[in-house]
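A.B. asks: need a structure here:
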Amino acid sequence: MRLLGILPLFAVSSLLYGNTVNNESVIGDLSNNWAAPTSLSFTLGSNQVLGSLVRLASTSPDDKDYFTFVVPAGAQILAINVLPGTVAGGAGGVSFFGIASGTSVLDPSTTPNTLAASLLGYTLYGAADIGSSILGRLATSNASTPAAQGFGVLGPGNYTIWIQEGATGTFNYGFDILIGTPEPASWFLSCVGLASLALLRQRKSKQDSSL
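C.D. replies: Here you go, the predicted structure:
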């Protein structure tokens, strides 16, 4: 789903709030410890996370970033948009993005099937995803091999993000995690529906009176 396609539906609920930007160059390097991710404070609306994955040599371990955050009561994750400037260097120009429920993920050395099954979802992202949300791919990764859990709505609770790069070099990334509630948009659509129904009834009443 393109960013321009997301904005109209959630404009009422998301544009009322400001951006929260978590930039590694300001807050420091995000944790590379799967058991102790960096805790970030997210707000309703736009939450941008900007960072870099750096691997000095092919013999060095893959670089990984982990961070955790809370979706407050009554809210949900509406989109995870890939921001301009994102570069991925893995095979095919893509890098790894995973999301788990809770405040940590399993040890990455865990067997692939068990590791994937512990995640709500995962996908590969690259420059081609800039301006798009990867939330839909994460949700349907239960159909991938190995299979993640998959999900419908990511509602209130703790979540942990795992980002990983296997190629040698420095690769910047940016994600905008949009948190809000679709109720205002649903309320607006309901009002439009009621107005349309009232108009139809008014027209029918005029037609009946003309008979």
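
A.B. asks: Please, where are all the strands along the protein?
C.D. replies: 19-23, 38-39, 45-55, 63-71, 76-82, 94-101, 121-126, 157-165, 169-180 (DSSP state E).

A.B. asks: want to throw these into JSON lines with distance to residue 111, mean neighbour count and mean pLDDT?
C.D. replies: Using the backbone N, CA and C atoms, a C-beta is placed for each residue, glycine as well. Formatted as JSON lines, the strands of the chain follow (distance: least, CB to CB, whole Å; neighbours: other CB atoms under 10 Å; pLDDT from 0 to 100):
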{"stretch": "strand 19-23", "distance to residue 111": "32", "mean neighbour count": "15", "mean pLDDT": "90"}
{"stretch": "strand 38-39", "distance to residue 111": "26", "mean neighbour count": "18", "mean pLDDT": "97"}
{"stretch": "strand 45-55", "distance to residue 111": "23", "mean neighbour count": "20", "mean pLDDT": "94"}
{"stretch": "strand 63-71", "distance to residue 111": "18", "mean neighbour count": "21", "mean pLDDT": "97"}
{"stretch": "strand 76-82", "distance to residue 111": "26", "mean neighbour count": "23", "mean pLDDT": "97"}
{"stretch": "strand 94-101", "distance to residue 111": "15", "mean neighbour count": "22", "mean pLDDT": "96"}
{"stretch": "strand 121-126", "distance to residue 111": "15", "mean neighbour count": "20", "mean pLDDT": "96"}
{"stretch": "strand 157-165", "distance to residue 111": "16", "mean neighbour count": "20", "mean pLDDT": "97"}
{"stretch": "strand 169-180", "distance to residue 111": "27", "mean neighbour count": "20", "mean pLDDT": "95"}
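
A.B. asks: Turn the ones you listed into TSV, columns for distance to residue 137.
C.D. replies: Output for the strands of the chain, formatted as TSV (distance: least, CB to CB, whole Å):
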stretch	distance to residue 137
strand 19-23	23
strand 38-39	24
strand 45-55	18
strand 63-71	19
strand 76-82	9
strand 94-101	9
strand 121-126	4
strand 157-165	14
strand 169-180	13
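
A.B. asks: out of the ones you listed, nearest to residue 109?
C.D. replies: With distances scored as CB to CB, the stretch of these nearest to residue 109 is strand 63-71 (11.6 Å).

A.B. asks: Tell me, how many residues neighbour residue 153?
C.D. replies: Using other CB atoms under 10 Å, residue 153 has 9 neighbouring residues.

A.B. asks: Give me the distance between the nearest residue to it once chain neighbours are set aside and residue 45.
C.D. replies: Distances taken as CB to CB, 6 or more residues apart in numbering put residue 76 closest to residue 153, at 5.3 Å, once the chain neighbours are dropped. According to CB to CB, to the nearest Å, residue 76 stands 13 Å off from residue 45.
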